[in-house]
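Sequence and computational prediction follow.
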Amino acid sequence: GREVLAGGAVLLRGFALPHDKALIAAIDAVAAISPFRNMQTPRGFTMSVAMTNCGAAGWVSDGRGYRYASRDPETGSPWPAMPEALRGLAESAATQGGYPDFHPDVCLINRYAPGAKLSLHQDKDEREFTHPIVSVSLGLPASFQFGGLRRDDPIRRHALRHGDVVVWGGPSRLFHHGILPLKEGTHPELGRIRLNLTFRRAL
Ligand code: MD3
Ligand code: FE
């Protein structure tokens, strides 16, 4: 299924399903080097979503703000390289979504337990907004909020389920979005967890 959510935003339902076990193994390998952690917001709150990264840099948040950093601040080492299984899936999804020239250099991995959420925000820590973002959902389903360029634009909700991939480019690249508190449940592969991968060209 290929569903257009907004200009430039294409939902590929189940696109990652054939690769789910390989993706989860690749995420486990990344997390064995750079473990999931709950970062601090610039205002000093602890994020409910646990995060790690792979690729040339990683998205980090702390008392100094949000940014991409070439090293994991917890380990002091570079983030693990982006596994080929992850890069390949992101590039084939981008091609399917209409962006054949997308080559991600970073991947943020978000881990949600029941109750975890991501408040409405824009992704604008990247150097250019001309590249799309590819997101992959695994495990428990989430209710995704999708607004517009302005924070007070109307918001629609979409369910994102295990294996769903969304390509966000063009006009939708700077749209506000968030994840409502994850509901209780158990997934056959991941138990009480939702994982989300976001592939970006950040540097
Ligand atoms: C729409 N992650 O890491 S993925 C994030 O499920 C983030 O963990 C969410 O928002 C998650 O920044 C949502 C869907 C997503 C990602 C990037 C977008 C939607 C987007 C960028 C622009 C517009
Ligand atoms: Fe985001």
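Happy to help now that I have it. Being a predicted model, the structure only gives us computed values, none of them experimental. Ligands and ions are numbered 1, 2, ... in the order given.

CA atoms only: put stretch 185-201 into PDB for me.
In PDB, the C-alpha atoms belonging to stretch 185-201 read as follows (Å, rounded to 0.1, in the frame of the first residue of the first chain):
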ATOM      1  CA  GLY A 185       0.500  -4.300  24.600                       C
ATOM      2  CA  THR A 186       2.900  -7.000  23.600                       C
ATOM      3  CA  HIS A 187       4.400  -7.600  20.200                       C
ATOM      4  CA  PRO A 188       5.500 -11.100  19.100                       C
ATOM      5  CA  GLU A 189       9.000  -9.900  18.100                       C
ATOM      6  CA  LEU A 190       9.600  -7.100  20.500                       C
ATOM      7  CA  GLY A 191       7.400  -7.600  23.600                       C
ATOM      8  CA  ARG A 192       6.400  -4.300  25.300                       C
ATOM      9  CA  ILE A 193       8.400  -2.100  23.000                       C
ATOM     10  CA  ARG A 194       8.100   0.100  19.900                       C
ATOM     11  CA  LEU A 195      11.300   1.000  17.900                       C
ATOM     12  CA  ASN A 196      11.400   3.800  15.400                       C
ATOM     13  CA  LEU A 197      14.300   4.400  13.000                       C
ATOM     14  CA  THR A 198      14.700   7.900  11.400                       C
ATOM     15  CA  PHE A 199      17.200   8.100   8.600                       C
ATOM     16  CA  ARG A 200      18.400  11.600   7.700                       C
ATOM     17  CA  ARG A 201      21.000  13.500   5.700                       C
END
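
which residues are in contact with the helix or strand of the chain with the lowest mean pLDDT?
Scoring the helices and strands of the chain by mean pLDDT, DSSP states H and E places strand 2-6 at the bottom, with a mean of 95. Strand 2-6 is contacted from outside by 10-13, 96, 146, 156, 158, 166, 171-172, 175, using C-beta atoms under 8 Å, 6 or more residues apart in numbering. For the C-beta atoms, the positions are set from N, CA and C on the backbone; glycine is no exception.

from the residues you listed, which are also near ligand 1?
Filtering the contacts of strand 2-6 for proximity to ligand 1 by C-beta under 6 Å from any ligand atom leaves 166, 172, 175.

Which stretches in the protein count as strands?
2-6, 9-12, 50-55, 58-62, 65-69, 106-112, 118-121, 133-139, 142-146, 156-160, 165-168, 177-179, 194-200 (DSSP state E).

Distance from the chain centre to the fifth one, please.
Mean-position distance between strand 65-69 and its chain equals 16 Å (C-alpha atoms, centre = their mean, to the nearest Å).

Repeat that for the third one.
Mean-position distance between strand 50-55 and its chain equals 10 Å (C-alpha atoms, centre = their mean).

tell me the angle it makes with strand 58-62.
140 degrees (axes from the mean of the first three to the mean of the last three C-alpha atoms, to 10 degrees).
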